[in-house]
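Trainee: Provided below for reference: sequence and predicted model.
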Amino acid sequence: MADVVTKATRESFGEALCELAKENDKIVVLDADLAGATKTSIFQKAYPDRFFDCGIAEGNMMCIAAGLASCGKTPVAASFAMFSTGRAYEQIRNSIGYPGLNVKIAGSHAGISTGEDGATHQCLEDVALMRTIPGMTVLCPADHYEMMAATKAAIEHEGPVYIRLGRLAIDSFNDPDTYEFELGKGITLHEGNDITVVATGLVVNEARKAVEALEAEGMNVRLINIHTIKPIDREIIIKAAQETGRIITVEEHNVIGGLGDAVCDVVTSECPVPVRKVGVYDRYGYSGPAWELLEKFGLTATGIAQVIREEIAKK
Amino acid sequence: MNNSEKRQLRVLAAKARLGAIIGTFNAKSGHPGGSLSAADIMTYLYFKEMNVDPQNPQMADRDRFVLSKGHCCPSLYAVLALKGFFDWDELTKLRHVGAMLQGHPDMKGTPGIDMSTGSLGQGVSAACGMALAAKYDKKDYRVYAILGDGECEEGQVWESAMFAAHNKLDNLTVIVDQNGLQIDGPVAEVCGIEPLDKKFESFGFNVIKIDGHSFDDIEAAFEKAKTVKGQPTAILAKTVKGKGVSFMENQVDWHGKGPNKEEYEKACAELQATIAELEGEC
C-alpha cells in the first residue's frame, strides 16, 4: 500500500486536469474568479492559453462553456459548488443539459466541511440539483486517488458531468496500485452481512473507520463507496439490500435529494428494506472549523458508528 | 448589392414571414410578432452573410448563428427551410407532438440550429464561447447572435458583453432586434433599457445603428463589423414588431399567440401579394 496522501480533492482535481491536458488539447478550463480556491489555478499556471477567467459571472461562464463545447472543445467550468450548480442551475439545465453538451462542471467547497465561511458557502444541495438534469453524470470522489481517476473518466466520458470537490485536506485510503475506477460502479470496501453502509465523498473514509472499529465489537458491516451518484450502481445496492436487509446512507449533503434519496429510489422499486439517511437534516450549516462541524453533524467515524449500532439493534 | 439581389432578398424575407405565419397558425401558438421583426436580418444572414452548407450542417468551420431570443424561431425555421436544411412542410408540424421543430430551437434535433435557446439572456454567452473557440483554434469563422430588446433586461446579457469586449472577440456580431415591445407592454414602460447604444459602447462594443428592415443598412452594418478589429460589434436594428402583416404591426398583443383561421388567411393573402408584387419586378 502506497503512503497516505493528505490532500483536498480540489487540489487533486487541479493536478489531474494538468496531467490530462498533456495528451488532450481539447481541454480548456474556465473559472469565475475563484481559481486560487477551486485549484484550477494549477492548470492556469501550466496552460495559461487554455484558461479563461470569466470573472464573477457564473451563469455567463456556463453558457460560454456550452458554446465552446458546441465547437468541439472539452470545457471544464469551475466555481464553488454553491455558485456553479446553484447560481447557474438554469444555465446548466437549458444550455448544457438539454443539448447534452460535453461540459465538465466542477463544484468545490461542497458540503459542511467548507467550514468557517458558513451557510452561504456550504453547498448542501448540489447533488440534488445536478441529479435532476437528464443525462447529467454526477461524481463525488472520496480521496486523492479516486479524484485523479474520476477526473480522467469525466473527461473521457462524452456528455455533461458534474464533479464534486472538497475544500478540506483529507487522508487517502485507496491503494493506487490496486484501485480501479469505473464510471457508474460502486466499490465494496468492506464485506459484511449485518447491515450495509453506503457512503460518498469525504465521509467514506469516516465510514470506513467506523466499520473497522465495529468489527472489534463483533459487527460485520458491509461498506460501499458510491463515487458515481448518477447513474447509480443499482446492482450493488440491490444485492446489499437482499443480503443485509438494512441500509444506512452517509453523505455530506442535505438528506433531501442526495445519495440517500438515490439509494432509496433503487431499493423502494426493487427490494424495499429500511434505509436510514445520515447527512444534513434539511437545515443550513454554520461557521466553524471543518472537523468540528463534521463532528456536530454526526458525519465523523464516531457519529456514524453510533448510527450503525442503533440500526443493527433494530434488526 | 444591386436592386435585383435586394428584391430577391425581399422575396425570401416575405416567404420567411409566410413560414412563420404557417407555423404559428398550425401550432395554434408561438411568437409571430418578434419572428416577423427579425425576418429580414435572419434572411440576410443565411442568404448573404454566413458561410453555411445545408448539405453539411455540422461543417467544422462554418459561421455560427445563435437566436438568443429563441421564441422567434418560426421565422428562423422558415429561413432554414428556404435555405434547404429541411423540408418546408416541417413548418406545418411546428410545436406538434413528435415534431422536429420544437417551440424553441433544439440543436440536437434540428439541422442548422447551432445552439439550443429559449431561456432569455443566455445566447450571447454561448456565442462568446463559439467566438472564443474560433480564436483559440485560429479559425476565421464568425459568430452572430440576435437578442431581443426586452431581453436586454437580463443581467447575463451584460455579463456576456463584458466578457466579449474583454476578450476582444471581434469575430462576434450581436444584433439587437429593437421592436420596442415585450410581453407586458412597451420596453420603455416595462423596464427601460435606453440608452442602449451608450450601454454597449461603454461595455466596449463597436455600435452600429440601423433600420432593421433596410437591406442596404443591414449589408453596410455587417460589412463594417468585419473590418473592426479588437472589439465585438453590436448592431442596434430598429424594427417593427409584426412587420409585413398589417394587423400585427406594432401590436403587443401579437407577441405570443398564433393566428386563428381568419387571421391566418388574411396574413397569408398579404404576404403572398407582397411576394407576387416583388417577383413581378424581378
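Mentor: Looks like it arrived, so ask away.

Trainee: surely residue B:65 is within a helix?
Mentor: No - according to DSSP: H, G, I helix; E, B strand; the rest coil, residue B:65 belongs to no helix; its state is strand.

Trainee: neighbours of it, how many?
Mentor: With neighbours defined by other CB atoms under 10 Å in any protein chain shown, the count for residue B:65 comes to 27. In this view, the C-beta of every residue, glycine as well, is placed from N, C-alpha and C.

Trainee: OK, contacts around the residue in the stretch 51-200 of chain B that chain A sits nearest to?
Mentor: Here the stretch 51-200 of chain B gets closest to chain A at one residue, residue B:129, 2.1 Å apart by CB to the nearest CB. Residues in contact with residue B:129, defined by CB atoms under 8 Å, 6 or more residues apart in numbering or on different chains, are A:63-71, A:75.

Trainee: next, format those residues as CSV and append secondary structure, neighbour count and distance to chain B.
Mentor: Formatted as CSV, the contacts of residue B:129 follow (DSSP: H, G, I helix; E, B strand; the rest coil; neighbours: other CB atoms under 10 Å in any protein chain shown; distance: CB to the nearest CB, whole Å):
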residue, secondary structure, neighbour count, distance to chain B
A:63, helix, 37, 3
A:64, helix, 34, 4
A:65, helix, 36, 6
A:66, helix, 31, 5
A:67, helix, 32, 2
A:68, helix, 28, 4
A:69, helix, 28, 8
A:70, helix, 24, 6
A:71, coil, 22, 4
A:75, strand, 29, 8
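
Trainee: and the gap between the residue nearest to residue B:32 when sequence neighbours are not counted and residue A:264?
Mentor: Using CB to CB, 6 or more residues apart in numbering or on different chains and skipping residues adjacent in sequence, the residue nearest residue B:32 is residue B:24, 4.8 Å away. Distance of residue B:24 to residue A:264, computed by CB to CB, to the nearest Å: 45 Å.

Trainee: returning to that earlier point: which of the three states applies to the residue of the stretch 51-200 of chain B closest to chain A?
Mentor: Under three-state DSSP, residue B:129 falls in the helix class.

Trainee: what does the pLDDT read for the residue nearest to residue B:32?
Mentor: Note on residue B:24: pLDDT of 98.

Trainee: with residue B:260 instead?
Mentor: For residue B:260, the pLDDT comes out at 98.

Trainee: that one - how many residues pack around it?
Mentor: By other CB under 10 Å, neighbour count at residue B:260 equals 11.

Trainee: try the one 4 residues further on
Mentor: Residue B:264 has 16 neighbouring residues, counting by other CB under 10 Å.

Trainee: which non-adjacent residue is nearest it?
Mentor: In space, residue B:264 is closest to residue B:25, 4.1 Å off (CB to CB, 6+ apart).

Trainee: that neighbour reaches residue B:266, doesn't it?
Mentor: No - contact status for residue B:25 versus residue B:266: not in contact, 11.1 Å apart, counting by CB atoms under 8 Å.

Trainee: who's more crowded, those two?
Mentor: Set side by side, residue B:25 and residue B:266 show more neighbours around residue B:25, with 24 against 17, by other CB under 10 Å.

Trainee: doesn't that one lie inside a helix?
Mentor: Yes - judged by three-state DSSP, residue B:25 forms part of a helix.

Trainee: residues in contact with it?
Mentor: B:258-259, B:261, B:264.

Trainee: could you rerun that using 10 Å?
Mentor: B:32, B:74, B:91-92, B:94, B:258-261, B:263-265, B:267-268 (CB atoms under 10 Å, 6 or more residues apart in numbering or on different chains).

Trainee: next: residue A:11.
Mentor: Contacts of residue A:11 were listed using CB under 10 Å, 6+ apart, and they are A:5, A:38-39, A:42, A:108, A:144, A:147, A:165-167, A:169.
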